[in-house]
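>>> build me a model from this:
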Amino acid sequence: AAYGVISSLQVIPITFEIAENTALLIQRYPTSFGKQVSRGIADAYIAATSWSNDLILYTLNTQDFAKLSIAEIRVHAIDQNAPKWA
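Model prediction:
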């Protein structure tokens with residue numbers, strides 16, 4: 001179930017590098033991460049965290065993240081309706 005997945009996650013603190021990369025993503029991709037985008041800044045921090053740590057960004061957010069074509073991040077969208085996503 002979802003709890004098993006969540007309990008295995010590692011918390012990654014926001015570093016100066018992540019903050020810098022967040023600003024770069026907002027600047028490079030304003031239509032995805034700009035102030036006018038709902039949750040844009042929060043999503044930029046998530047994307048920058050995966051970019052800064054060379055991690056794949058796994059997400060259930062198939063509406064937003066899965067549609068992004070951003071060279072700096074690798075996104076793996078999970079279909080939350082799939083029977084074995086957890």
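>>> now this protein, which segments are flagged as low pLDDT?
Regions of the chain meeting the criterion pLDDT under 70 cover residues 1-5, 62-68, 79-86.
>>> in it, which spans are helices?
2-7, 16-28, 30-33, 40-52 (DSSP state H).
>>> now do the shortest one: which elements does it pack against?
For helix 30-33, the elements it packs on are helix 16-28, helix 40-52, judged by 3 or more Cβ pairs under 8 Å, 6 or more residues apart in numbering; DSSP states H and E. Heads up, the C-betas are built off the backbone N, CA and C, glycines and all.
>>> surely K35 meets Q27?
No - in this structure, K35 sits apart from Q27 without contact. The criterion is Cβ atoms under 8 Å, and the distance is 11.7 Å.
>>> so between those two, which is more surrounded?
For K35 versus Q27, neighbours defined as other Cβ atoms under 10 Å are more numerous around Q27 (11 against 8).
>>> one step back: would a markdown table of the helices of the chain with distance to A77 be doable?
Rendered in a markdown table, the data for these read as follows (distance: least, Cβ to Cβ, whole Å):
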| stretch | distance to A77 |
| --- | --- |
| helix 2-7 | 15 |
| helix 16-28 | 18 |
| helix 30-33 | 15 |
| helix 40-52 | 13 |
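>>> of those, which is nearest S69?
Evaluated over those, closeness to S69 peaks at helix 30-33, with 9.2 Å, by Cβ to Cβ.
>>> got the contact list for the closest one?
Outside of helix 30-33, the residues within contact range by Cβ atoms under 8 Å, 6 or more residues apart in numbering are L25, I26, Q36, V37, G40, I41, D43, A44, A47, D64, L68, I70.
>>> one more time with 6 Å, if that's ok
For helix 30-33, contacts defined as Cβ atoms under 6 Å, 6 or more residues apart in numbering pick out L25, I26, G40, A44, L68.
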